[in-house]
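S.K.: Give me coordinates for this.
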Amino acid sequence: MSEISTNLIKEAVYKLCFDANTCLNADVYSKILSALKNAKNSETKNLLRTILKNAEIAYEEKMPLCQDTGQVIVFLEIGQNVNLSGDLLEETINHAVENCYRENYFRKSVVKNAVFDRENTTTNTPAIIYTNIVKGDEINIKVLIKGAGSENKSKLEMFLPTTGEEELIAKIGDLIISAGENACPPMFIGLGIGLSSDGAMILSKKALVTDKFTKQELTLAGKIKSYVNEKAPDKYKDCYILDIKLLSAATHIACMPAAITINCHSDRFSSCTIRENKIFYHHKKPDFTEIEETKSAGKEILATDIETIKTLKKGENILLTGQIYVARDMAHKKLVNLIKNNEPLPFDIKDKIIFYAGPCPPKPDTITGSIGPTTASRMDKYAALLYEKGLIATIGKGSRSEEIKKIIKKTGSKYFTIPGGIAALLANKVLKSEIIAFNELGAEALYKIYIKQFPLKVEIA
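M.R.: Below is the predicted model:
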């Protein structure tokens, strides 16, 4: 019998959360670097270079790779010969997460209840914890940081038990392709096939932090990856998926549940083993490669140059400089409610630009934490009114609804896109930042920021 103090688990989970958020695992970095070497599309090459540069900045400055420091998912394997001493295990893990997120100024993104109370817990807890009892006298801990943009594109499909391999490959592949830009490709995919509907989803997440697979699982995963990368849009040809990990398991004779967990290129996980009251960390720092610098494309445009903004065409690249506003879901809801109730707004909407984002809080003596775009389509329910009130442009990631496309064209306004998952790099382009309203919303407060040369693409004009 081995006795392990929960204080060691607390120490381990704290470091795993920090490492996963700020240091891209060496294996992930190498897959992105390999994709850069093989990419043929110049736009894709520039994106991959930017992703790799962002990883280096995040590591050097101890900043989150992405502003969405996510929901913490913890997988525990506890040896049946282990006796835990100290605080309750769940409390220990949640205290570690809370301390790490508070002390390192990571964004807190967890609300109290999905339906009845969407107030932020301000601690990024509770963590989601899965525990297995296994043979032995040690504890294995794996931490997965799961952002919402890609999570919202995850899928569960209940296939017929007679589904053949060719059909399975095509249907799973098409589901992955349908995730599109909102999932921040290039992507890492976890697949879980088997168990029940809920078990398959857990299996798919466990696959992302696992490195042991059967030969059959590796073969099928490779076939799905090839199918997707061959059918992917030209921009991501051969690198839409950087890696697929597949775990399979037993299931009911009448079932074949298949779960797809989508992760963006910031595939954030870390692991360790605790035995004999020592922690052995497995996270490997990348050997950062000298990446050829490419000058951001496009002409510099001031945010106040409304006439020039109005002349921009779809597909153009620009470098935006000037004062803009930062708001996401709950801030938009509040803004629209103020308009509908004929109450004054925190700022004059006319000819202004809103960046759909929720930055990490700034460390002392810094301007902002990591900051990057969130999924624009979530704001579509509010965007029509704001565009009609004179908003000149929005910045986000992913596609917009047909209704919003029509309104943008009708009002002569714009929708700009910016790559997701490069939040540490973008933070260095923010020269001023202040919260001007809705401070009670925490990560979803309304900001006024001053940016210099934000690299944007005109998506809708």
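
S.K.: make it CA atoms for all contacts and neighbour counts henceforth
M.R.: Fine.

S.K.: Please name the residues that touch the residue positioned nearest the centre of the chain.
M.R.: Nearest to the geometric centre of the chain sits residue 147, at 3.7 Å (C-alpha atoms, centre = their mean). For residue 147, the contacting residues are 68-71, 263, by C-alpha atoms under 8 Å, 6 or more residues apart in numbering.

S.K.: Next one: it relative to residue 108, how far apart?
M.R.: 11 Å (C-alpha to C-alpha, to the nearest Å).

S.K.: Can you check which residues contact both of those two?
M.R.: Shared contacts of residue 147 and residue 108, defined by C-alpha under 8 Å, 6+ apart, comprise 69-70.

S.K.: which residues are contacting the helix ranked longest in the chain?
M.R.: Secondary structure assigned by DSSP state H gives helix 42-61 as the longest helix of the chain. Identification of contacts with helix 42-61 by C-alpha under 8 Å, 6+ apart yields 22-24, 29, 32-33, 35-36, 39, 63-65, 235-236, 288, 291-294, 419, 421-425.

S.K.: chain center to the lengthiest strand in the chain, what's the gap?
M.R.: Using DSSP state E to define each element, the chain has its longest strand at strand 446-460. With C-alpha atoms, centre = their mean, to the nearest Å as the basis, strand 446-460 stands 19 Å off its chain's centre.

S.K.: Within its sheet, name the partner strands of it and how each one runs.
M.R.: Applying DSSP bridges, strand 446-460 is found paired with strand 317-326 (antiparallel), strand 414-417 (antiparallel), strand 430-437 (antiparallel).

S.K.: Which among those strands is found nearest to residue 373?
M.R.: Comparison of these against residue 373 by C-alpha to C-alpha identifies strand 414-417 as nearest, at 8.2 Å.

S.K.: one step back: among the contacts of helix 42-61, name the buried ones.
M.R.: For these, a neighbour count by 16 or more other C-alpha atoms under 10 Å gives the buried set as 22-24, 29, 32-33, 35-36, 39, 63-65, 236, 419, 421-425.

S.K.: mean confidence score for stretch 453-461?
M.R.: Averaged across stretch 453-461, the pLDDT comes to 95.

S.K.: what residues does it touch?
M.R.: Stretch 453-461 is contacted from outside by 296-298, 300, 312-321, 405, 408-409, 412-418, 426, 429, using C-alpha under 8 Å, 6+ apart.

S.K.: Residue 117 and residue 110, how far apart?
M.R.: Separation of residue 117 from residue 110 (C-alpha to C-alpha) stands at 11 Å.

S.K.: So between the two, which is more surrounded?
M.R.: Under the neighbour definition other C-alpha atoms under 10 Å, residue 117 and residue 110 were set side by side, and residue 110 has more, 20 against 9.

S.K.: Make sure that one is actually in contact with residue 124.
M.R.: Yes - Residue 110 lies in contact with residue 124 (C-alpha atoms under 8 Å); the separation is 5.0 Å.

S.K.: which non-adjacent residue is nearest residue 2?
M.R.: In space, and not counting its chain neighbours, residue 2 is closest to residue 82: 4.8 Å by C-alpha to C-alpha, 6 or more residues apart in numbering.

S.K.: how about the one you found, what does it touch?
M.R.: 1-4, 136-139.

S.K.: Could you export those to JSON lines, including columns for distance to residue 151, neighbour count and secondary structure?
M.R.: Shown next, in JSON lines, are those (distance: C-alpha to C-alpha, whole Å; neighbours: other C-alpha atoms under 10 Å; DSSP: H, G, I helix; E, B strand; the rest coil):
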{"residue": "1", "distance to residue 151": "40", "neighbour count": "10", "secondary structure": "coil"}
{"residue": "2", "distance to residue 151": "38", "neighbour count": "15", "secondary structure": "strand"}
{"residue": "3", "distance to residue 151": "37", "neighbour count": "15", "secondary structure": "strand"}
{"residue": "4", "distance to residue 151": "34", "neighbour count": "21", "secondary structure": "strand"}
{"residue": "136", "distance to residue 151": "34", "neighbour count": "15", "secondary structure": "coil"}
{"residue": "137", "distance to residue 151": "34", "neighbour count": "18", "secondary structure": "coil"}
{"residue": "138", "distance to residue 151": "31", "neighbour count": "22", "secondary structure": "coil"}
{"residue": "139", "distance to residue 151": "28", "neighbour count": "20", "secondary structure": "strand"}
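
S.K.: what residues do residue 110 and residue 124 have in common as contacts?
M.R.: With C-alpha under 8 Å, 6+ apart, residue 110 and residue 124 have common neighbours residue 71.

S.K.: Residue ranges in this protein under the pLDDT threshold?
M.R.: 293-296 (pLDDT under 70).

S.K.: unless I'm mixing things up, residue 430 is touching residue 450, no?
M.R.: Yes - at 5.9 Å, residue 430 and residue 450 qualify as touching, with contact defined as C-alpha under 8 Å.

S.K.: These two: which is more packed in?
M.R.: Set residue 430 next to residue 450 and count neighbours by other C-alpha under 10 Å: residue 430 wins out with 22 against 16.

S.K.: List the beta-bridge partners for that one.
M.R.: Listed beta-bridge partners, residue 430: residue 451 (assigned using DSSP bridges).

S.K.: Report the contact partners of it.
M.R.: Contacts for residue 430 were tallied using C-alpha under 8 Å, 6+ apart; they are 367-368, 449-452.

S.K.: Do you have the strands of the stretch 1-150 of the chain handy? List them.
M.R.: Taking DSSP state E, counting those that start in this stretch as the criterion, the stretch 1-150 of the chain contains strands spanning 2-5, 71-79, 82-85, 111-113, 117-120, 128-134, 139-146.

S.K.: so how many other residues sit close to the residue nearest to residue 4 when sequence neighbours are not counted?
M.R.: Among residues not flanking residue 4 along the chain, residue 84 sits closest, at 5.2 Å (C-alpha to C-alpha, 6+ apart). Counted with other C-alpha under 10 Å, the neighbours of residue 84 add up to 16.
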